[in-house]
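Enquirer: The following block contains a protein sequence and its predicted model.
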Amino acid sequence: MMALPSLPDADALRIDAFIDAIWAESGLARPTLDSYRRDLAGFARWRDGRAGGLPGADRAALFDYLAWRMREGYSPRSNARLLSAWRAFFGWSVRRGDRHDDPTALLEPPRLPRSLPKAITESQVDALLKAPDTASPEGLRDRAMLELMYACGLRVSELVNLPATGVNLRQGVLRVTGKGSKERLVPLGEEARHWLERYLASARPALAGRHASPALFVGHGGQPPSRQQFWQLVKRYAAVAGIDPARISPHGLRHSFATHLLNHGADLRSLQMLLGHSSLSTTQIYTLVAREQLKQLHARHHPRG
């Protein structure tokens, strides 16, 4: 892709002010704020000092930039995220009186292909959970992490950032801080509770040593595993369990949690609360996964399938 110029100082200051304001107003998660900052900075660099800078961009400039991104090969999903950043930024600019119009008012988001979450079967989950060698502190930790992720339907970031104070073993619940700093309580389940108790009793003290850490899951020296490290763990244990590593990701365990609950009769509203979705429409995609699995089951086993 074509190299873009440096970000003008005035635009950098305006983006900083916007990020601070939108965080205070909406409490958006850090990854969302970071993506807004990148998208707005990219647009400002592309404008390269044109009259009015970033705040003065009109609808024609937005269309021109979108056309340039399409020629450069940006995906519809990436452009949809850019449009969200634009709407937030120009809406904020109108509210504070920097401009009287919102150039995104008539812009339609690109149509995105609807992809179904990738879930693995219950027998594959069972094999994956049994893959770590629980005779070692690291293996016991990994077993507890996998059990907890599948039992509670956690996002990867929620799992690796989970504080030790978020676990209540007596009541058997987990206090999770999700997107937008929203908290939810999720039941642990007997199996996850069992492995968590074993991890806390022996593996965590061995791994943390003398290093105090607020994190629930730690490695040697008391530091929690990163998202990338956990991703590598899942891939490695998938290979041990005889599962194609290309068919599974850490987020796949969350998808499997949701799909398996639906298959066993859970209702969508309860599933929405367990997953921490702000909208029921986000949860409804799992009904398509369950329906697709039923179709495949019918095709395999029905005499006229």
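Expert: Thanks, I have it.
Enquirer: Count residues in the vicinity of Ala10, would you?
Expert: Using other C-beta atoms under 10 Å, Ala10 has 13 other residues around it. C-betas here are computed from N, CA, C, even on glycine.
Enquirer: three-state assignment of it?
Expert: helix (DSSP: H, G, I helix; E, B strand; the rest coil).
Enquirer: Quick check: the gap between the residue nearest to it when sequence neighbours are not counted and Phe18.
Expert: Sequence neighbours aside, Gly53 is the residue nearest to Ala10 in space, at 5.6 Å (criterion: C-beta to C-beta, 6 or more residues apart in numbering). Distance, Gly53 to Phe18, by C-beta to C-beta, to the nearest Å: 13 Å.
Enquirer: more crowded one of those two?
Expert: Taking other C-beta under 10 Å, Gly53 and Phe18 do not tie; Phe18 has more neighbours (23 against 16).
Enquirer: quick one: the more buried one from Leu185, how far?
Expert: Separation of Phe18 from Leu185 (C-beta to C-beta) stands at 34 Å.
Enquirer: residues contacting Ala131?
Expert: Neighbouring residues of Ala131 by C-beta atoms under 8 Å, 6 or more residues apart in numbering: 237-238, 240-241.
Enquirer: mind running it again at 6 Å?
Expert: 237, 240-241 (C-beta atoms under 6 Å, 6 or more residues apart in numbering).
Enquirer: what does Trp92 give?
Expert: 18, 21.
Enquirer: Make sure I have this right: it is in a helix.
Expert: Yes - under three-state DSSP, Trp92 falls within a helix.
Enquirer: Just want to check the distance between it and Ile15.
Expert: 11 Å.
Enquirer: Same check on Arg193?
Expert: 45 Å.
Enquirer: do Thr134 as well
Expert: For Thr134, the distance to Ile15 - C-beta to C-beta - is 48 Å.
Enquirer: Mind checking which of those two has more residues around it?
Expert: Ranked by neighbour count (other C-beta under 10 Å), Thr134 and Ile15 place Ile15 first, with 23 against 17.
Enquirer: per-residue pLDDT, the more buried one?
Expert: Looking at Ile15, its pLDDT stands at 92.
Enquirer: From Val234, how far out is it?
Expert: According to C-beta to C-beta, Ile15 and Val234 sit 35 Å apart.
Enquirer: now do Met70
Expert: Met70 sits 34 Å away from Val234, going by C-beta to C-beta.
Enquirer: So between the two, which is more surrounded?
Expert: Per other C-beta under 10 Å, whichever of Met70 and Val234 has more neighbours is Val234, with 24 against 13.
Enquirer: And that one, its phi and psi?
Expert: Reported as degrees, to the nearest 10, the phi and psi values for Val234 are phi -60, psi -40.
Enquirer: Let me see the contact set for it.
Expert: Going by C-beta under 6 Å, 6+ apart, Val234 touches Pro250.
Enquirer: Distance of it relative to Phe217?
Expert: According to C-beta to C-beta, Val234 and Phe217 sit 14 Å apart.
Enquirer: next one: Tyr199
Expert: From Tyr199 across to Phe217, the span is 8 Å (C-beta to C-beta).
Enquirer: Overlap of the contact sets of the two?
Expert: Shared contacts of Tyr199 and Phe217 (C-beta under 6 Å, 6+ apart): Arg141.
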